[in-house]
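Chemist: I need the structure of the sequence given here:
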Amino acid sequence: MKRVLIIVYYWPPIGGSGVQRWVKFVKHLRSFGWEPVIYTPLNPYVHETDATLLKEIPEGVEIIRGPVFEVSRYFGAPGSGTTGAVPSKPSVFSKLKQYAGNYVRGNFFIPDPRILWVRPSVKLLSEYLQQKPVDVIVSSTPPHSLHLIAQQLSARFNIPWLADFRDPWLEVLSFHDFKTSERVYNKHKQLFTRVINTADAVVVAHESVRQNFAAQTTKPVALITNGYDTDDITNSKPAQLNPDKFNLVFVGIFYNILNSTPFWKALSNLVKTNKAFADKLQITFVGKQHSDITNDISAFSLLPYCNFMGYLTHSEAVGYEKAADALLLFTPIGKEFKYVIPGKLFEYLAVKKPILCVAATDNDSAQITINTNAGYVIPPDNETEITAILEKVFNLFTKGQLEVTSSGYEKYERKNQTAQLVDELNRIAK
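Modeler: All right, here's what the predicted structure looks like:
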């Protein structure tokens, strides 16, 4: 059996969507003739944990954990910095601290604070590879520093390397949020260009990102999106929601860039003008919300119609998806965010509940929703159209006709996607 060293930052018991991609790949790799070896931090700085994900890891998989000096602890927010934290209403001092931390983080730690993990990781893994060789090295990011670990190991031991991008590198909000200088941005661009041209295989999770990368390298760029696990859907019990209500469910971290004020305004107007709608409406949020979202919900007098469940285990979150009458999905507004596909979209497809995708029609998420006939695409900035679609969906609900006849989503099943990954591994393995 061939061996693949997989370098990832997010790994159980860390929770959240960033963990899912490689946990699910690892779950199926052995059935395709590949033995995974995981390298991940011993002491990662994260807020959410989900110990239930440990059960997903096949028995006997070797996991190497290397200590990391987590400078991110001093900046007040864990993560790669692509979208930032989800704060409650911050004080002036907190804002100043966050601003200063963001500036230092964005201009002195390139490509990200995990750059301090590169040197000790290369040393530790070099010693390991001398004793236990592998056939391919994989690095999955963000944080993008992990590609630099794989790049050095690949060159030192002449091992083929696959660079996996769950998110893009240069097209992210952090350059604006962190007040990144032009000099630093050019350094990022230099590192990115070197990575995609040095790696033996490049894999991305979004079609728009694939197109963007393909224009910057002569190497093929493979698309392997995120997906869903049939076992997760089958084994999760539906949550207990009020069956007499029109249950809208949102699952995931609700970042401020996802917010659509016209959506909440349209919803509020429907509550005021349609008594039947007001009597039935119930919105359940599973995960954290940015204060911008809760402020809008409060401003439009929608709090009495909302339940905030906070962070739940993955299995519990799927249970709420299965219990919903319709599922809410929000994406950022703007062409620069076409690539944004929330990982929950694929589970939404698998539970076969109507998706209310709040996105521009050229957004990757909207295109998947349309192509699979899985729901409704709602323009985020047009209150009239938002109202019309919500009324249509509610009327179907009251008649008992709210359902979907989606198709073509099976390609997003995790085992099918692992087969695509293995094609790339076999292609570059010596």
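
Chemist: pretty sure residue 230 sits against residue 413.
Modeler: Yes - taking Cβ atoms under 8 Å as the contact criterion, residue 230 and residue 413 are neighbours in contact, 6.0 Å apart. Using the backbone N, CA and C atoms, a C-beta is placed for each residue, glycine as well.

Chemist: neighbour count: these two, which is higher?
Modeler: Looking at residue 230 and residue 413 with other Cβ atoms under 10 Å, you find the greater number of neighbours at residue 413, namely 20 against 12.

Chemist: mind listing the residues bridging to that one?
Modeler: According to DSSP bridges, residue 228 are recorded as the beta-bridge partners of residue 413.

Chemist: show me where the stretch 201-350 of the chain has strands.
Modeler: Counting by DSSP state E, counting those that start in this stretch, one finds strands in the stretch 201-350 of the chain at the ranges 201-204, 221-223, 246-251, 281-286, 306-310, 326-330.

Chemist: so what secondary structure elements neighbour the shortest one?
Modeler: In other words, strand 221-223. strand 201-204, helix 207-214 (3 or more Cβ pairs under 8 Å, 6 or more residues apart in numbering; DSSP states H and E).

Chemist: tell me how far the residue nearest to residue 244 when sequence neighbours are not counted lies from residue 394.
Modeler: Counting by Cβ to Cβ, 6 or more residues apart in numbering, the nearest residue to residue 244 once its immediate chain neighbours are dropped is residue 280, at 7.5 Å. Distance of residue 280 to residue 394, given as Cβ to Cβ, to the nearest Å: 7 Å.

Chemist: next: residue 196.
Modeler: Here the distance between residue 196 and residue 394 works out to 46 Å (Cβ to Cβ).

Chemist: with residue 378 instead?
Modeler: For residue 378, the distance to residue 394 (Cβ to Cβ) stands at 13 Å.

Chemist: now do residue 367
Modeler: 25 Å.

Chemist: look at these two and report which has more neighbours.
Modeler: Using other Cβ under 10 Å, the more surrounded residue of residue 367 and residue 394 is residue 394, with 21 against 18.

Chemist: hang on, the more buried one packs against residue 246?
Modeler: Yes - between residue 394 and residue 246 there is a contact under Cβ under 8 Å: 6.1 Å.

Chemist: joint contacts of these two?
Modeler: Any residue near both residue 394 and residue 246 by Cβ atoms under 8 Å, 6 or more residues apart in numbering counts here, and that gives 277, 280.

Chemist: just the CA coordinates of the helix or strand harbouring residue 124, formatted as CSV?
Modeler: Element membership of residue 124, judged by DSSP states H and E, is helix 118-131. Below are the C-alpha coordinates for helix 118-131, written out as CSV (Å, rounded to 0.1, in the frame of the first residue of the first chain):
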residue,chain,number,x,y,z
VAL,A,118,7.6,25.8,9.4
ARG,A,119,11.2,25.3,10.6
PRO,A,120,10.5,22.9,13.5
SER,A,121,8.1,21.0,11.3
VAL,A,122,10.6,20.5,8.6
LYS,A,123,13.2,19.3,11.1
LEU,A,124,10.8,16.9,12.8
LEU,A,125,9.4,15.5,9.5
SER,A,126,12.8,15.2,8.0
GLU,A,127,13.8,12.9,10.8
TYR,A,128,10.6,10.9,10.3
LEU,A,129,11.0,10.6,6.5
GLN,A,130,14.5,9.2,6.9
GLN,A,131,13.1,6.3,8.8
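
Chemist: quick one: list the elements packing against it.
Modeler: Counting by 3+ Cβ pairs under 8 Å, 6+ apart, the packing neighbours recorded for helix 118-131 are strand 2-7, strand 62-66, helix 145-157.

Chemist: now do 10 Å
Modeler: For helix 118-131, the packing partners by 3 or more Cβ pairs under 10 Å, 6 or more residues apart in numbering; DSSP states H and E come out as strand 2-7, strand 34-41, strand 62-66, helix 145-157.

Chemist: export these as CSV, with columns for mean neighbour count, mean pLDDT and distance to residue 114.
Modeler: Listed next are the helices and strands packed on helix 118-131 as CSV, based on neighbours: other Cβ atoms under 10 Å; pLDDT from 0 to 100; distance: least, Cβ to Cβ, whole Å:
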stretch, mean neighbour count, mean pLDDT, distance to residue 114
strand 2-7, 22, 98, 11
strand 34-41, 21, 98, 8
strand 62-66, 15, 97, 11
helix 145-157, 21, 98, 4
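
Chemist: nearest residue to residue 30 in space, please, no chain neighbours.
Modeler: Residue nearest to residue 30 in three dimensions, not counting chain neighbours: residue 58, with 6.3 Å by Cβ to Cβ, 6+ apart.
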